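> what would the 3D arrangement of this be:
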Amino acid sequence: MTSSAIAVSGLRKAFGDKVVLGGIDLDVRAGTIFSLLGPNGAGKTTTVNVLTTLMKADGGTVRVAGHDVATDAKAVRAAIGVTGQFAAVDELLTGQENLQLMVDLNGVQDGRRIIAELLERFELAESAQKPVSTYSGGMRRKLDLAMTLVGDPRIIFLDEPTTGLDPRSRRTMWSIIRDLVADGVTIFLTTQYLEEADQLADRIAVLDQGRLVAQGTPGELKRQIPGTHVRLRFATAHGLDAAAPLFPGSTRADDGLTLRVPGDGGTASLRALLDRLDENSLSAEEFSVHTPDLDDVFLALTGHTTEAAK
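Numbering: from 1, shown residues only. Now for the predicted structure:
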């Protein structure tokens, strides 16, 4: 069984009378991408600050890379990398000089080779001698992540890593993140883009007003919300007319010759649906399973639209 990279039990934090984290539990498996979602003020940043030793908890236990954040903060810091929402790069230095600075700060051996490999990996080699002030937003975020990797951390915290990037740069970052996980790195991701969590995360936790309201894979979370259905399209109006009475609660669309049949999207219910068509000598031209997206999940669980999380 995969070990825990991050284990949180009963985490509590308050600022005065305001409870920011009301006792949350998290288990992030090594070599996976875990995404924490929630509207502004939900407690995401506070959670990350505690996990990265930047803030002390009021209660509960937190272990990161096997080390207790309260009693062994130095070992935790040695095992993690943190990339914030805004690229922490020196604009007066070149890309290569920024990386060299991290090599020097971390006392890394064979720094020249590591810098060359990171510049190549992040497609920054051609711009390595240019001041970072000339870099695009996407290039700065890539450089920031490259700097985080200088110390070879096995756990990386990414706080909204693609905020403000254009779609192409965002997908480039997604590819880099997937490659990191393929190399065994664990990613703890906070993001304002629900599509990003859906695309990347192995597991998602939804945080609202300091409490976890749901955890699971993206598919599991979407299946919790009503609205999953099978869409059948028929070749003729006669086929649609014959099929509609077989599925109570279904909704038909005559203009598209489609029938929307509520269900859980599982293989058992799909098999039963297709068997019923077959028993009545009917066949659909095509069928597809539709589930609520994470926007629907987020709204149902928190009562907020995704705009509240931006």
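
> and stretch 39-48, what's buried?
Across stretch 39-48, burial judged by 16 or more other Cβ atoms under 10 Å covers P39, A42, G43, K44, T45, T46, T47, V48. Glycine gets a C-beta too; all of them are placed from N, C-alpha and C.

> in contact with the fifth one, which residues?
The reference is to T45. Taking Cβ atoms under 8 Å, 6 or more residues apart in numbering as the contact definition, T45 lies against D159, T190.

> next one: it from V20, what distance?
From T45 over to V20 the distance is 9 Å, taken as Cβ to Cβ, to the nearest Å.

> same question for the fourth one.
In this structure, K44 and V20 are separated by 10 Å, where distance is defined by Cβ to Cβ.

> list the contacts for G23?
G10, L11, R12, G59, G60, R211.

> ok, of the buried residues of stretch 39-48, which one's closest to V261?
When the buried residues of stretch 39-48 are ranked by distance to V261 (Cβ to Cβ), P39 comes first, at 33.6 Å.

> do I have it right that the closest one meets T302?
Yes: at 6.1 Å, P39 and T302 qualify as touching, with contact defined as Cβ atoms under 8 Å.

> I'd assumed D90 was in a strand, is it?
No: counting by DSSP: H, G, I helix; E, B strand; the rest coil, D90 falls outside a strand, being coil.

> tally of neighbours for it?
D90: 13 surrounding residues under other Cβ atoms under 10 Å.

> measure it to V50 for me?
Using Cβ to Cβ, D90 is found at 28 Å from V50.

> same question, A128
36 Å.

> which one of these two is surrounded by more residues?
Taking other Cβ under 10 Å, A128 and V50 do not tie; V50 has more neighbours (25 against 18).

> nearest residue to the more buried one in space, please, no chain neighbours.
With sequence-adjacent residues excluded and distances taken as Cβ to Cβ, 6 or more residues apart in numbering, V50 is closest to A57, at 5.0 Å.

> tell me the phi and psi of the residue lying closest to A88 once chain neighbours are set aside?
Distances taken as Cβ to Cβ, 6+ apart put D144 closest to A88, at 5.9 Å, once the chain neighbours are dropped. Backbone torsions of D144, given as degrees, to the nearest 10, read phi -60, psi -40.

> show me where this protein has its helices.
Along the chain, counting by DSSP state H, helices occupy 44-51, 73-79, 95-106, 111-121, 137-148, 167-182, 194-200, 218-223, 237-243, 267-279, 294-302.

> what's the closest of those helices to G249?
The minimum distance between G249 and those falls on helix 267-279, with 12.3 Å, by Cβ to Cβ.
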